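**Q** below is the sequence, then the predicted model.
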Amino acid sequence: MMPTDASDLELICPAGTPAALRVAVDAGAHAIYCGFQDETNARNFPGLNFSRSDMATAIDYAHRRDCKVFIAVNTFPRAGDIELWRRAIDDAAALGADAVIVADIGILSYAADRHPDLRLHLSVQAAAASSECIRFYTEAFGVKRVVLPRVLSVPEIADINNRISCETEVFVFGGLCVMAEGRCSLSSYATGLSPNMHGVCSPASHVSYHEANGEFVSRLGDFTINRIPANQPAAYPTLCKGAFQAKGAIGQVFEDAVSLDASKLLPALGRAGVKALKIEGRQRSRAYTKAVVGAFRAALDAMASGTEIPLGVLKQLSEGQSATCGAYVKTWR
Amino acid sequence: MFTLSFRHDFRVPDLVSSALRPLPLLPLEVFLRQLTSSIVARHPDILERIGRTDLLRFGIDPVDVPFAMEIELRDGTAGVRLMRSLEERMLHARITGTLAALMGLVDGEADGDALFFSREIVVTGDIAAVLALRNAVDAAEITLLREAAALVELWISQPGKLLRGLLADEAGSGSKVGGDPVRR
């Protein structure tokens, strides 16, 4: 494994709309990831994503500015209903995507067979957390890059990079999943819809908010997720971030309402052989995209020039208005 | 250092808010109707992106000014009504926050999730509809100042059309926005 120089680290940025894509490109992204307007991608939210026509225009905009576009086709097809996913792969190839981000082995196989020149990235949804698992994907389908699940420490990432031949990409900012991605059934349990199959975690159609006794109450389906006192920061209404009563105490059982911010770990991730740094947040606004992409591009430029990386500038955009380095430092072990 | 420049924490001073209270709403309502029509005409992708043809009625409630707004979407059209306070039972969803925060969302200067985390905006009702509206408006790259300028330009270039529009607005201003009562 070779360390990655700061100047070679790629910044992979989210875009939920063509407008956000343009903002991300202009803010200094090396590549954008986005999805079609259907359940083939893990951010199938109302009002979000790209029509085929949008995608063609967006790819042209990015390519003219030397920026790549990766299309996420990273949900798992339903049995007997795979055409939508196959069509997404075909269209991504036809539109000139620089890569597709895929999780399902059937779709990987289809893409490798039908479009041998289409670059394949393994989605975080595949939860490939070991070198053996990753080698399977590279040998079976020719996967060129793996997005690592957010459950690994930096030394574990370095160890994996020592044992594999493909590139790795890691999340450095945004919402966190505490569960093994692609395998979490909490949203499905509460609503019947999941990020894995339908592209929605805690779908908005099942969310409700109201005030009660001075508290802000969030509900998902039939479950009360949280009761937040006045002036306390709010969080996404996901079961994993909810407050529960256990052994007489009320608190976050699975995960705090907090976002990932690995700004200070960028040099360590480069030394661990990581090739690309990913920002979460296709569901967020242009304002978020501009601020976060700008901040991380400034951080990479600072690294490359040997100056100090600016830290803590994105707190106001974080869930719960607080940040963590997550599993990269694993302080809870 | 990179910082957000948008001052979504600005609050209209109580004195100004009190001074606005006795003013009639009709002139502002007429302007907002014209502005909304102009925005929808200039950005048809907003309604396409929302992707719903059923009746949707949003209550926009700026907490620091003495009026609120009802936006009604139906069959690819948008209407606006201004009122002293919102009629909750008529709404599918309600968005509450300071005027600056709400305008920042429209202008693309503020992030809706961040405002939600910090409790600067509160959303209730049909959250999927709110999300669709938020995403569609953000995608449209609206600048309110530019939209207002486009409207003024239209008024100057087409005074006859302006007059007809104003008369039509005035004639319709007493009527209630139609639609079925909300069941939630």
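**A** Now that the structure is in, tell me what you want to look at.
**Q** hang on, B:E109 packs against A:K290?
**A** No. Under the criterion of CB atoms under 8 Å, B:E109 is not in contact with A:K290, lying 9.5 Å apart. Where you see a C-beta, it was placed from the backbone N, CA and C, and this is true even at glycine.
**Q** how about residue 104, what does it touch?
**A** You didn't pick a chain, so chain A it is. By CB atoms under 8 Å, 6 or more residues apart in numbering or on different chains, the residues touching A:D104 are A:75-77, A:85, A:126.
**Q** correction: the question concerned chain B.
**A** A:287, B:6, B:8, B:110, B:115.
**Q** repeat for A:I71
**A** A:33-36, A:41, A:55, A:88, A:92, A:95, A:97, A:99-101.
**Q** among those, which ones are in helices?
**A** Applying DSSP state H to the contacts of A:I71, the entries found in helices are A:55, A:88, A:92, A:95.
**Q** nearest to A:I134, of those?
**A** A:A92 (22.2 Å; CB to CB).
**Q** quick check: that closest one touching A:I101?
**A** No. Contact criterion CB under 8 Å: A:A92 and A:I101 do not qualify, at 9.6 Å.
**Q** what do those two both touch?
**A** With contacts taken as CB under 8 Å, 6+ apart, A:A92 and A:I101 have A:71, A:73 as neighbours in common.
**Q** quick one: furthest residue from the center of chain A?
**A** When distances are taken from the C-alpha mean of chain A, A:N213 lies farthest, 36.0 Å away, according to CA atoms, centre = their mean.
**Q** give me the pLDDT for that one.
**A** Looking at A:N213, its pLDDT is 89.
**Q** same question for B:R81.
**A** pLDDT at B:R81 comes out at 96.
**Q** now it. Nearest residue, chain neighbours left out?
**A** Leaving aside its sequence neighbours, B:R81 sits nearest to B:E70 (CB to CB, 6 or more residues apart in numbering or on different chains; 4.5 Å).
**Q** what about stretch A:75-91, start to end distance?
**A** End-to-end distance of stretch A:75-91 (CA to CA, to the nearest Å): 16 Å.
**Q** again, but for stretch B:12-23
**A** With CA to CA applied, stretch B:12-23 spans 16 Å between its terminal residues.
**Q** in chain B, which spans are helices?
**A** B:14-20, B:26-42, B:45-50, B:99-107, B:112-117, B:127-139, B:144-157, B:159-172.
**Q** Serialize these to TSV and add fields for distance to A:P155 and mean pLDDT.
**A** Supplementary listing: the helices of chain B in TSV, determined by distance: least, CB to CB, whole Å; pLDDT from 0 to 100:
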stretch	distance to A:P155	mean pLDDT
helix B:14-20	56	94
helix B:26-42	53	94
helix B:45-50	44	94
helix B:99-107	42	95
helix B:112-117	32	92
helix B:127-139	39	96
helix B:144-157	50	86
helix B:159-172	67	62
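**Q** A:E280 is nearest to which of these?
**A** helix B:112-117 (11.6 Å).
**Q** next, see if that closest one gets close to chain A.
**A** Yes. Counting by CB under 8 Å from any CB of the partner chain, chain A has neighbours in helix B:112-117: B:112-114, B:116-117.
**Q** which one of the residues in chain B is closest to chain A?
**A** B:N135 (3.1 Å; CB to the nearest CB).
**Q** burial count for the residue nearest to that residue when sequence neighbours are not counted?
**A** Nearest non-adjacent residue to B:N135, counting by CB to CB, 6+ apart: A:G47, 3.1 Å away. By the criterion of other CB atoms under 10 Å in any protein chain shown, A:G47 has 27 neighbours.
**Q** A:G47 contacts B:R49, correct?
**A** Yes. Here A:G47 reaches B:R49: they are 5.0 Å apart, a contact under CB under 8 Å.
**Q** joint contacts of the two?
**A** Taking CB under 8 Å, 6+ apart as the criterion, A:G47 and B:R49 both touch B:132, B:135-136, B:139.
**Q** neighbour count added to these, as CSV?
**A** Shown next, in CSV, are the shared contacts of A:G47 and B:R49 (neighbours: other CB atoms under 10 Å in any protein chain shown):
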residue, neighbour count
B:A132, 23
B:N135, 25
B:A136, 21
B:A139, 25
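**Q** interface residues of chain B facing chain A?
**A** Residues of chain B found near chain A (CB under 8 Å from any CB) are B:1-4, B:6, B:49-51, B:104-105, B:108-114, B:116-119, B:122-125, B:127-136, B:138-141.
**Q** generate a ChimeraX selection restricted to the buried subset of those residues.
**A** What follows is the ChimeraX syntax selecting those of those that are buried according to 16 or more other CB atoms under 10 Å in any protein chain shown:
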select /B:2,4,6,49,50,104,105,108,109,110,111,112,113,114,116,117,118,119,122,123,124,125,127,128,129,130,131,132,133,134,135,136,138,139,140,141
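**Q** sorry, back to before: looking at the contacts of A:D104, spot the one nearest A:A180.
**A** Of those, the one sitting nearest to A:A180 (CB to CB) turns out to be A:A126, at 10.2 Å.
**Q** so what's the closest one closest to, chain neighbours aside?
**A** Counting by CB to CB, 6+ apart, A:A126 lies nearest to A:A103, which is 4.3 Å off, once chain neighbours are set aside.
**Q** and the one you found, how close does it get to chain B?
**A** 24 Å (CB to the nearest CB, to the nearest Å).
**Q** who touches that residue in this structure?
**A** Taking CB under 8 Å, 6+ apart as the test, what A:A103 contacts is A:74-76, A:122-126, A:182.
**Q** name the nearest residue to B:F58, sequence neighbours excluded.
**A** Using CB to CB, 6+ apart, the nearest residue to B:F58 is B:I71, at 4.6 Å.
**Q** what's near enough to touch the one you found?
**A** So B:I71 contacts B:36, B:57-58, B:60, B:78-80 (CB under 8 Å, 6+ apart).
**Q** recalculate using a threshold of 10 Å.
**A** The contact partners of B:I71, by CB atoms under 10 Å, 6 or more residues apart in numbering or on different chains, come to B:32, B:36, B:56-60, B:78-81, B:91, B:93, B:95, B:133, B:177.
**Q** farthest-apart pair in these, please.
**A** Using CB to CB, the contacts of B:I71 span at most 18.5 Å, a distance reached by B:L32 and B:A93.
**Q** more neighbours, these two?
**A** Using other CB under 10 Å, the more surrounded residue of B:L32 and B:A93 is B:A93, with 22 against 17.
**Q** how close does that one get to B:A114?
**A** 19 Å (CB to CB, to the nearest Å).
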